[in-house]
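Engineer: sharing a model that was predicted from the sequence below.
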Amino acid sequence: METYKVVIVDDDELSLENLKQALGKDARFCLEGVAHNGKQGRKLIERAQPDLLFLDVELPDMTGMDLLQEMRDTTLLWPMRVVFYTAYDKYMIQAIREAAFDYLLKPFEEQDLMNILERFIDQAQHVKQNNAVEKYPAAGGQTFIVFTPTNDMRALRPSEIGFFRYCSERKQWEVILNNQPPLALRRGMTAEQIIQYSPCFVQIHQSYIINIDYLMIIKESKCILYPPFDRVTELVVSRKYKKELQERFCL
């Protein structure tokens, strides 16, 4: 009987114990360890290299989406299925599903977990039978999730975003979207975190991060974007970032 390695990253002790007990009933899955925050989780995942990861959406030090994004961009070099383990309502489920293998709502029904495990095994066996070589999907064009100042979750795709702007008065970043009002992000979000969401997000100024896919031309240090963001005139490239931009994109 083939067995599969599992890791759980969750700070909710009750939910974690319930999941551990349920997984323990299926001998095909071997729990390699648990972690209670993103930092611990990353170390555990890199060491154990699990086949299946159950990941809480919101951890004490970061979101599960942020942890997954960081690992996809750097150290995640083996095929791993991710199941988001969340208490959030179903209005976010499709977005979460697009960014991961599946989701499991807290508190979960045992049949829901069984369905996920069976689907995982079906896919794993299909890959093995076809001698397929899997490559973990790049995160660049995928849905990612941000949090608003009221702690609501919002799913976004890079193609929806023209640029990010920092509002010094409110001390928070906001997203400028296609044909939608600006979306404020919760305080504490940094430029470094934003550019990790996609390779197309490039910082040009202390207060601006653009979607490079919309960049038409840089004229007199001003970025002119393709429609529907072609009327924007505020995107000035500062000296600090101009050289980096020129070297990266051979401008």
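Structural biologist: Yep, that arrived.
Engineer: okay, helices next: where are they in the stretch 51-200 of the chain?
Structural biologist: 64-73, 93-99, 110-129, 191-195 (DSSP state H, counting those that start in this stretch).
Engineer: worst mean pLDDT among those helices?
Structural biologist: Mean pLDDT is lowest for helix 93-99 among the helices of the stretch 51-200 of the chain, at a mean of 55.
Engineer: now the residue sitting nearest the centre point of the chain. Nearest residue, chain neighbours left out?
Structural biologist: Centroid check for the chain by Cα atoms, centre = their mean gives residue 65 as the closest residue, at 3.4 Å. The shortest distance from residue 65 to any non-neighbouring residue, by Cβ to Cβ, 6 or more residues apart in numbering, is to residue 145 (4.6 Å). Every residue, glycine included, has its C-beta placed from N, CA and C.
Engineer: ok, that neighbour to residue 121 distance?
Structural biologist: According to Cβ to Cβ, to the nearest Å, residue 145 and residue 121 sit 27 Å apart.
Engineer: the closest residue to residue 179 other than its chain neighbours in helix, strand or coil?
Structural biologist: Of all residues not flanking residue 179 in the chain, residue 228 sits nearest, at 6.3 Å (Cβ to Cβ, 6+ apart). The three-state assignment at residue 228 reads coil, by DSSP: H, G, I helix; E, B strand; the rest coil.
Engineer: count the neighbours of residue 228 for me.
Structural biologist: 12 (other Cβ atoms under 10 Å).
Engineer: wait, what's in contact with it?
Structural biologist: Residues near residue 228 by Cβ atoms under 8 Å, 6 or more residues apart in numbering: 162, 178-179.
Engineer: one more pass at 10 Å, please.
Structural biologist: 162, 177-179, 214 (Cβ atoms under 10 Å, 6 or more residues apart in numbering).
Engineer: got it, and residue 6?
Structural biologist: 19-20, 23, 26, 28-34, 48, 50-54, 81, 83, 117, 120.
Engineer: my read is that residue 113 contacts residue 20, right?
Structural biologist: No. Applying Cβ atoms under 10 Å, one finds residue 113 not in contact with residue 20, separated by 11.5 Å.
Engineer: and those two? which has more neighbours close in?
Structural biologist: The neighbour count for residue 113 versus residue 20, taken as other Cβ under 10 Å, is higher for residue 113 (20 against 15).
Engineer: OK, contacts around the more buried one?
Structural biologist: Per Cβ under 10 Å, 6+ apart, neighbours of residue 113: 18-19, 22-23, 25-26, 54, 83, 85, 104.
Engineer: let's have these in CSV, adding distance to residue 209, neighbour count and pLDDT.
Structural biologist: Listed next are those as CSV, based on distance: Cβ to Cβ, whole Å; neighbours: other Cβ atoms under 10 Å; pLDDT from 0 to 100:
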residue, distance to residue 209, neighbour count, pLDDT
18, 40, 16, 95
19, 37, 23, 96
22, 42, 17, 95
23, 40, 18, 95
25, 47, 10, 94
26, 44, 16, 94
54, 32, 27, 95
83, 31, 23, 89
85, 30, 24, 87
104, 33, 19, 87
